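**Student:** only the shape, not the letters, is given here:
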C-alpha cells in the first residue's frame with residue numbers, strides 16, 4: 001500500500017467526501033479569521049490553526065497558500081511556533097487581552113450576570129496574559145560592534 005502522508009507527516013483524509021468537508025471547514029475558518037482581523041472580540045489565530053489543520057489533511061495547495069500568504073502567515077507562524085513573538089507583539093497582545101477582558105467583566109457586572117461569570121472571564125484573562133508573557137521570545141540582537149565603538153569615541 002503506498003504511503004499517502006504529506007511531507008509534513010500528516011495523514012490525509014482518505015475519502016473524497018472527507019477531503020471536501022475538511023476543505024470547506026478550512027475555507028470557512030479562513031473567512032472567520034479574516035473577519036476576526038477587523039472585528040474586535042472574534043479571534044483570528046485559532047481559526048487559522050483550524051484551517052491549517054484541515055488543509056494539511058485535505059488540500060496541500062491551500063495549506064501552502066495559507067503558510068505563504070502575506071496577510072495570514074505571521075499569525076500562523078507565531079501560533080505554530082516557527083516564529084517567536086517580538087516584544088511589541090507580546091505587549092500589544094497582553095494589553096488587548098487585559099483591555100477587552102476588563103471591558104467584558106465590567107459589562108457582565110453591569111448586566112447583572114452572576115459573579116462567577118465575571119470571575120471566570122478575569123481568571124481566563126490572567127491565564128492568557130501569563131501564557132503570552134511566557135511564550136517563546138524573539139532573541140534580542142546586540143548592536144553591531146562597530147556602532148558601539150563609534151558611539152564611545
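**Tutor:** Received it, and whenever you're ready, just let me know what you need. Small disclaimer: the values here were computed from a predicted structure and weren't measured. Numbering: from 1, shown residues only.
**Student:** the bottom helix or strand of this protein by mean pLDDT?
**Tutor:** The weakest-scoring helix or strand in the chain, judged by mean pLDDT, DSSP states H and E, is helix 145-152 (a mean of 53).
**Student:** quick one, phi/psi of the residue nearest the centre of the chain?
**Tutor:** The centroid of the chain falls nearest to residue 45 when counting by Cα atoms, centre = their mean (2.8 Å). With angles defined as degrees, to the nearest 10, residue 45 sits at phi -60, psi -40.
**Student:** what distance do you get for it to residue 87?
**Tutor:** 18 Å (Cβ to Cβ, to the nearest Å). Any C-beta I mention is one placed from the backbone N, CA and C, and that applies to glycine too.
**Student:** also residue 46?
**Tutor:** 23 Å.
**Student:** what about the two, which has more around it?
**Tutor:** Between residue 46 and residue 87, residue 46 has the larger neighbour count (other Cβ atoms under 10 Å), namely 15 against 10.
**Student:** who's in contact with that one?
**Tutor:** Neighbouring residues of residue 46 by Cβ atoms under 8 Å, 6 or more residues apart in numbering: there are none.
**Student:** care to break this structure down by domain?
**Tutor:** The record's domain parsing of the chain by automatic domain parsing lists 11-83, 84-137.
**Student:** so can I have a markdown table of those domains showing mean pLDDT?
**Tutor:** What follows is these, written out as a markdown table (pLDDT from 0 to 100):
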| stretch | mean pLDDT |
| --- | --- |
| domain 11-83 | 84 |
| domain 84-137 | 85 |
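**Student:** got the phi/psi numbers for residue 85?
**Tutor:** phi -80, psi 140.
**Student:** can you count the residues close to it?
**Tutor:** 17.
**Student:** isn't residue 101 up against residue 123?
**Tutor:** No - counting by Cβ atoms under 8 Å, residue 101 stays clear of residue 123, with 9.7 Å between them.
**Student:** how close does residue 116 sit to residue 108?
**Tutor:** Taking Cβ to Cβ, one finds residue 116 at 10 Å from residue 108.
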